[in-house]
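In: Model the structure of this input:
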Amino acid sequence: MKKLKKAFTIVELVIVIAVIAILAAVLIPTFTSIIRKANEASDTALAKNMNTVLSTAEAGGDAPADMEEVTYLMEQNGFKLENLNPTADGNVFVWNKATNRITYINRDKEVVYSGDNLASGSAFTASGDYWLTVKTAGDIEAWSGLSYYFADKQIADDTAGLTFSTPSSVDTGTYSYQGKITYTFTEEAEVSVYGHVNALTVDAPEATVNNYSSVDTVTIQQVGANSYHEYGYAKTLVVAATAVNANIVIEKTGMVDKVDTSAAPDSKFTNYGYVGILNDQVVEGSADYVYEITTAKELASFRDKVNGGQTFAGLKVALKADVDISGKVWVPIAYDSRDNYGTGGYLYFAGTFDGENHTVNGLSNQGFQPTVLRVDTYGTGSGVPKENNYLYGFFGILQDATVKNLNMTNVNIATEEILLDSVGAIAGFASGSVTIENCTASGSIEGKDSVAGIIGRIYIYKENAQVLIRNCTNNINIVTTGEKAAGILAFASVKSGGTLAGGYFVIENCVNNGNIKSTNYAGGIAVAEDSSSVRGKNFKVSGCENTGNIEAPANVGQILALGGGSSTAQWVIENCTGTGTLSAATVRWDATGTLVQA
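Out: Predicted structure coming up:
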């Protein structure tokens, strides 16, 4: 009897397991389908909300021009880039640049929802008008035929290269792509490349290719009758012998250091922009080239060229109109670490930027979260922890450069998660011979160290350097969470290998109307390192005025405050006035540089 009962128990268990298996086979797909439909409903609601944001911006005359502006606009409205992936696995959002609307597509390439009024459930037809954010090369392979915006460092660091047999535009976003982009499609079509690219090869006989990127090497093997158009910056452009009928156009804003068309003598070459060397010959008049800027888009394009390695040394840049960059993510012009100053191992601007008395409005670091952070690391490790610091300004780094006749209004720079070191409305950092004249700034700036209204920090690193800051006015209130703050220049120093012998460091006819607050070292006009290499008649502050209130627990000055010292006897401070209040600091200097409290 017991054996029989045990047999029944085993049979019952087998039946139960079988029933469970049957139920699982029936119910799990049902539950999965229900969950997927719920996710798609949530994703559809998100897509609709994003289209509302896009249409509102469009109605206000501020429709995004590219994917970078789309992602920033979404972030401003609470939609983070990392959250813009559908919750339903395998589905994607795409942005149609032509219509400025988002479409939601499922993994079977069917339309779930479309801001372009594509029928729900219809098959989606891929085209280069639709932009997809991608994180890996696999994303591109899975969704071929679209255009692509790089949204992750993983794809940017992939050196394997990308080959497009369909007309697909590419934007590397805030990343620098380490591989080569190759076009091999055969149909007549137009594509564009944006961002920073290591190499670009065009082997597409019916193509029109517009390059807006900064690229080391461009190779034209075949291109269509409408040609290759250079709007960006290429260090080298080579036309191969196979490009028999190539039409190469360097547009007005295009810049190429070296062009070689010698292998394809029948190709057509037209230069409206800047070419340094053509077929091993210096191009006549290239030194007289003036890069003109009239719009925010053109300003960003100029910035991207500098950040792609074009220093503009010996060249002039002219701002021909007022430009509004408010509401846009601003990466500084020549954004890099200042650790390698004087070595040429970093990005810098070395030309002349003439604002022609025009205004750049709305400079802000809001939304600036650089993906490749240019880090200045300080700290000795012996009780002083190392910190990662980032410079910021309209310009990041000037080296042997001139900036003049420029007005910065509604500046809004603030230390958030990023520790800002060397900060100013005009520039964060400069080295070598630098001139800044006839510039003004208004708004507010907060940083950690070396923060000023005009320029954060200047280092002299070579002999005979000439620094001139003249006729500049600061109306920005300055706050540092660390030390060294001033209205015009937050820190001046002569570093190893540098000397003022044969050169000079002059600040003249400058005015500060902003209030200055720091934890240590605050000057109405400037803060300077008190060292024998800086002191002397070659360092002069003259004809300057301070009306701002200066506050710090120690080391404040109406005109000049000294970092690391307490005597201005060997400095030249003349014809300066100061009417702002000085806090009850332990060390204070008046407008003549006289120590009034030690």
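In: my read: residue 593 touches residue 571, true?
Out: Yes - taking contacts as Cβ atoms under 8 Å, residue 593 lies within contact range of residue 571: 5.8 Å. For the C-beta atoms, the positions are set from N, CA and C on the backbone; glycine is no exception.
In: what touches both of those two?
Out: Residues touching both residue 593 and residue 571 (Cβ atoms under 8 Å, 6 or more residues apart in numbering): residue 560.
In: quick check: domain ranges of this protein?
Out: Annotated domains of the chain cover 126-286, 289-597 [automatic domain parsing].
In: Lowest average pLDDT across those?
Out: Note on the domains of the chain: domain 289-597 shows the lowest mean pLDDT, a mean of 87.
In: Give me the distance between that domain and the centre of its chain.
Out: Its chain's C-alpha centre and that of domain 289-597 lie 19 Å apart, by Cα atoms, centre = their mean, to the nearest Å.
In: That domain spans what distance, first to last residue?
Out: Using Cα to Cα, to the nearest Å, the end-to-end distance of domain 289-597 comes to 54 Å.
In: now the strands for the stretch 351-500 of the chain?
Out: Assigned strands in the stretch 351-500 of the chain, in chain order: 352-361, 376-378, 387-392, 395-399, 402-413, 419-423, 427-431, 434-437, 440-452, 455-460, 466-470, 473-486, 489-494 (criterion: DSSP state E, counting those that start in this stretch).
In: a markdown table for those, including distance to residue 207 and mean neighbour count?
Out: Formatted as a markdown table, the strands of the stretch 351-500 of the chain follow (distance: least, Cβ to Cβ, whole Å; neighbours: other Cβ atoms under 10 Å):
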| stretch | distance to residue 207 | mean neighbour count |
| --- | --- | --- |
| strand 352-361 | 35 | 19 |
| strand 376-378 | 43 | 15 |
| strand 387-392 | 39 | 23 |
| strand 395-399 | 35 | 28 |
| strand 402-413 | 39 | 21 |
| strand 419-423 | 43 | 27 |
| strand 427-431 | 40 | 32 |
| strand 434-437 | 43 | 22 |
| strand 440-452 | 45 | 26 |
| strand 455-460 | 45 | 29 |
| strand 466-470 | 49 | 20 |
| strand 473-486 | 48 | 26 |
| strand 489-494 | 50 | 28 |
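In: Serialize those strands to a markdown table and add fields for distance to residue 526.
Out: A markdown table is the format used below for the strands of the stretch 351-500 of the chain (distance: least, Cβ to Cβ, whole Å):
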| stretch | distance to residue 526 |
| --- | --- |
| strand 352-361 | 22 |
| strand 376-378 | 21 |
| strand 387-392 | 18 |
| strand 395-399 | 16 |
| strand 402-413 | 17 |
| strand 419-423 | 14 |
| strand 427-431 | 13 |
| strand 434-437 | 12 |
| strand 440-452 | 8 |
| strand 455-460 | 9 |
| strand 466-470 | 8 |
| strand 473-486 | 5 |
| strand 489-494 | 4 |
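In: And the domains of the chain: which comes nearest residue 98?
Out: The closest of the domains of the chain to residue 98 is domain 126-286. By Cβ to Cβ, the value is 4.8 Å.
In: Please identify the buried residues of whichever strand or helix holds residue 302?
Out: Following DSSP states H and E, one finds residue 302 within helix 296-307. Residues of helix 296-307 classed as buried: 296, 297, 298, 299, 300, 301, 302, 303, 304, 305, 306, 307 (neighbour count, 16 or more other Cβ atoms under 10 Å).
In: Closest one to residue 351 out of the residues you listed, please.
Out: Of these, the one sitting nearest to residue 351 (Cβ to Cβ) turns out to be residue 306, at 8.9 Å.
In: Confirm for me that the closest one is in contact with residue 317.
Out: No - the pair residue 306 / residue 317 is not scored as a contact, 9.3 Å apart, by Cβ under 8 Å.
In: returning to that earlier point: show me what the helix holding residue 302 is packed against.
Out: strand 189-203, strand 214-222, strand 290-293, strand 323-324 (3 or more Cβ pairs under 8 Å, 6 or more residues apart in numbering; DSSP states H and E).
In: would residue 154 count as being in a strand?
Out: No - going by DSSP: H, G, I helix; E, B strand; the rest coil, the assignment for residue 154 is helix, not a strand.
In: you'd agree it is up against residue 136?
Out: Yes - contact criterion Cβ under 8 Å: residue 154 and residue 136 qualify, at 5.9 Å.
In: quick revisit: kindly reformat the buried residues of helix 296-307 as a markdown table containing distance to residue 506.
Out: Putting these into a markdown table (distance: Cβ to Cβ, whole Å) gives the following:
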| residue | distance to residue 506 |
| --- | --- |
| 296 | 34 |
| 297 | 37 |
| 298 | 33 |
| 299 | 29 |
| 300 | 33 |
| 301 | 34 |
| 302 | 28 |
| 303 | 29 |
| 304 | 33 |
| 305 | 31 |
| 306 | 26 |
| 307 | 30 |
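In: ok, so of these, who is nearest residue 225?
Out: residue 301 (25.7 Å).
In: got the contact list for the closest one?
Out: By Cβ under 8 Å, 6+ apart, the neighbours of residue 301 are 212, 231, 232, 253.
In: one more time with 6 Å, if that's ok
Out: residue 253 (Cβ atoms under 6 Å, 6 or more residues apart in numbering).
In: same thing with residue 578?
Out: Residue 578 touches 524, 546, 558, 559, 591, counting by Cβ under 6 Å, 6+ apart.
In: Kindly recompute the last result at 8 Å.
Out: 524, 545, 546, 547, 558, 559, 590, 591.
In: That one pairs with what?
Out: residue 546 (DSSP bridges).
In: mind checking how far it is from residue 106?
Out: Separation of residue 578 from residue 106 (Cβ to Cβ, to the nearest Å): 68 Å.
In: before we move on, what about residue 320?
Out: To residue 106, residue 320 is 48 Å away according to Cβ to Cβ.
In: Please compare these two by neighbour count and tell me which comes out ahead.
Out: Of the pair residue 320 and residue 106, residue 106 is the one with more neighbours under other Cβ atoms under 10 Å, namely 19 against 15.
In: Distance of that one relative to residue 44?
Out: For residue 106, the distance to residue 44 equals 11 Å [Cβ to Cβ].
In: what do these two both touch?
Out: Residues touching both residue 106 and residue 44 by Cβ under 8 Å, 6+ apart: residue 112.
In: sorry, back to before: format the helices and strands packed on helix 296-307 as JSON lines; extra columns: distance to residue 597 and mean neighbour count.
Out: What follows is those, written out as JSON lines (distance: least, Cβ to Cβ, whole Å; neighbours: other Cβ under 10 Å):
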{"stretch": "strand 189-203", "distance to residue 597": "52", "mean neighbour count": "21"}
{"stretch": "strand 214-222", "distance to residue 597": "52", "mean neighbour count": "21"}
{"stretch": "strand 290-293", "distance to residue 597": "48", "mean neighbour count": "18"}
{"stretch": "strand 323-324", "distance to residue 597": "45", "mean neighbour count": "18"}
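In: how about the ones you listed, which one is nearest residue 182?
Out: Using Cβ to Cβ, the nearest of these to residue 182 is strand 189-203, at 4.4 Å.
In: Work out the gap between the helix or strand following the closest one and the centre of the chain.
Out: Next in sequence after strand 189-203, counting helices and strands by DSSP H and E, comes strand 207-211. Here strand 207-211 is found 24 Å from its chain centre; the criterion is Cα atoms, centre = their mean.
In: Also stretch 149-164?
Out: With Cα atoms, centre = their mean, you get 19 Å for stretch 149-164.
In: Stretch 107-120: how far from the chain's middle?
Out: 34 Å.
In: which residues touch that stretch?
Out: 40, 43-44, 47-48, 51, 54, 88-91, 96, 99, 101-106, 121-124, 126.
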